[in-house]
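Trainee: my questions concern the predicted model and sequence given below.
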Amino acid sequence: MEAVECIKTRMSIRKFKPEPVPKNILTEIINTAQRSPSYKNSQPWEVVIVSGKKKEELSELLIRLLEEGKVPQPDIPEAVSWPADIAERINETMKKRGSLLGIDLNSPEIKKKSKAANFRFYGAPHGIFLFHDSSLNEWSIFDAGLFAQSLMLAAHAHGIGTVPQGFLIDYSSEIKQFLGIPESKRLILGISIGYPDAENVINTCMTTRVETGRILRWVE
Ligand SMILES: Cc1cc2nc3c(=O)[nH]c(=O)nc-3n(C[C@H](O)[C@H](O)[C@H](O)COP(=O)(O)O)c2cc1C
């Protein structure tokens, strides 16, 4: 797939077919993502892919913590507030997705259900977790973002869907313990990955972007 088309047609997938992605293809996707640039070529990323029975067990653990009302303690804190213009964009996106699904994504009950769906990896056969050493600074989080985008584009080029999920780091300590990752690592992001369920309405919701003129300024 041509690069610009790949970037413009990628979208977050929130319903997957259960069929696993062959290991050699997942490896190829990670290998491609490793070509991402990083600060001083530090390549600070570390990747765990969880599948099968272990993925089911992890979903159960996360849903149990949610049901128990355990307060999330993500390694990267959730934003507490947003500048007004950005808050408006977020609301617009949520409203559009909510109306497509016929639900109010701001209702506490739906929010909880939506979190549980995140914790079930939206039905994907694999969950990817990105880590790095927690002594690393913001540049390495930036690098992880580049890696994540490369990974998602490489997957899309193979006809494989992904969704990046901040919610998947809610219970960072428990996830690290479950996956056998030392507490000294920072859990940065979870990404569900698998073949998209193209029939599902949720996968028809292409998000919009603000007009380029609103974020671009020419100085000449
Ligand atoms: C860092 C990050 C965290 C995200 N967390 C979640 C999440 O927890 N759950 C989810 O369903 N989508 C999550 N998303 C997906 C965004 O909602 C999505 O990228 C955005 O709405 C734009 O839509 P698109 O990916 O289809 O272009 C996250 C995206 C990023 C980059």
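Mentor: Nice, thanks for sending it over.
Trainee: any buried residues in stretch 2-20, and which?
Mentor: 10-17 (16 or more other CB atoms under 10 Å). C-betas here are computed from N, CA, C, even on glycine.
Trainee: and stretch 123-130 with the ligand, contact?
Mentor: No - figure legend: stretch 123-130 not in contact with the ligand (CB under 6 Å from any ligand atom); closest approach 10.3 Å.
Trainee: ok, and what's touching that stretch?
Mentor: 13, 15-21, 26, 45-52, 55, 58, 121, 144, 147-148, 151, 161, 168, 175, 179, 181, 187-194, 197 (CB atoms under 8 Å, 6 or more residues apart in numbering).
Trainee: of the residues you listed, which are in range of the ligand?
Mentor: Among the contacts of stretch 123-130, the ligand is touched by Leu189 when using CB under 6 Å from any ligand atom.
Trainee: return the members of the contacts of stretch 123-130 classed as buried.
Mentor: 13, 15-17, 21, 26, 45, 48-51, 55, 58, 121, 144, 147-148, 151, 161, 168, 175, 179, 181, 187-194, 197.
Trainee: near the ligand, which residues of the protein show up?
Mentor: So the chain meets the ligand at 11-12, 14, 93, 118, 163-167, 189, 207 (CB under 6 Å from any ligand atom).
Trainee: let's see that with 5 Å instead.
Mentor: 11-12, 164-167, 207 (CB under 5 Å from any ligand atom).
Trainee: quick check, nearest of those to Ile110?
Mentor: Phe167 (13.9 Å; CB to CB).
Trainee: what's around the closest one, how many residues?
Mentor: 18 (other CB atoms under 10 Å).
Trainee: tell me which element the residue nearest to it when sequence neighbours are not counted falls in.
Mentor: Spatial nearest neighbour of Phe167, chain neighbours left out: Asn118 (4.1 Å); criterion: CB to CB, 6 or more residues apart in numbering. In this assignment (DSSP states H and E), Asn118 forms part of helix 108-119.
Trainee: parallel or antiparallel, list what pairs with the next helix or strand after that helix.
Mentor: Tracing the chain C-terminally past helix 108-119 and defining elements by DSSP H and E, one meets strand 126-133 next. Here strand 126-133 is paired, per DSSP bridges, with strand 46-51 (antiparallel), strand 185-194 (antiparallel).
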